[in-house]
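J.: following is a predicted model, sequence given first.
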Amino acid sequence: MCLAVPGRIISINDTDPELKMARVDFSGMVADVCIQWLPEEVGVGDYVLAHVGMALSKVDEQDALETLYALKTMGELADLDLPRDEKQPRE
């Protein structure tokens, strides 16, 4: 099954104008993700929904945290530790 996962942008590399990349933190695992073709502008601290190294969309922080919590609860993120403030969705 394919799964897109939300992650928080921790840095952006736009030195190549044809391939804008970001370092994205997926609850402890950091990966390079292409953000070149997102329809909206993103910045450090924003959350994106990513699949196989490609950002699909910008997502609201609350939605991202709820999704990470649900994935953790289902065991899909068993190997990752959620930061203390991401252990439960905010109300």
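T.: Structure's in. What do you need? Residues are numbered from 1 along each chain as shown.
J.: what sits closest to Glu40 if chain neighbours are left out?
T.: Lys58 (5.1 Å; CB to CB, 6 or more residues apart in numbering). Heads up, the C-betas are built off the backbone N, CA and C, glycines and all.
J.: again, but for Asp60
T.: Tyr47 (7.2 Å).
J.: show the pLDDT at Met1.
T.: On pLDDT, Met1 comes in at 58.
J.: kindly report the same for Asp16.
T.: 95.
J.: what comes into contact with stretch 32-45?
T.: 7-12, 18-24, 48, 50, 53-55, 57-58 (CB atoms under 8 Å, 6 or more residues apart in numbering).
J.: quick one, which of those residues are buried?
T.: 7-9, 12, 20-24, 48, 50, 55, 58 (16 or more other CB atoms under 10 Å).
J.: among these, which are in strands?
T.: 7-9, 12, 21-24, 48, 50, 55, 58 (DSSP state E).
J.: least confident secondary structure element in the chain?
T.: Each helix and strand of the chain was given a mean pLDDT (mean pLDDT, DSSP states H and E); the minimum falls on helix 61-74 at a mean of 88.
J.: before we move on, back to that, export the ones in strands among the buried ones among the contacts of stretch 32-45 as a markdown table, with columns for pLDDT and distance to Leu68.
T.: Below are these laid out as a markdown table (pLDDT from 0 to 100; distance: CB to CB, whole Å):
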| residue | pLDDT | distance to Leu68 |
| --- | --- | --- |
| Gly7 | 96 | 9 |
| Arg8 | 97 | 10 |
| Ile9 | 98 | 15 |
| Ile12 | 97 | 21 |
| Met21 | 98 | 22 |
| Ala22 | 98 | 17 |
| Arg23 | 98 | 17 |
| Val24 | 97 | 13 |
| Val48 | 98 | 13 |
| Ala50 | 96 | 13 |
| Ala55 | 97 | 16 |
| Lys58 | 97 | 16 |
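J.: closest one of those to Thr67?
T.: Closest approach between these and Thr67, by CB to CB: Gly7, at 10.4 Å.
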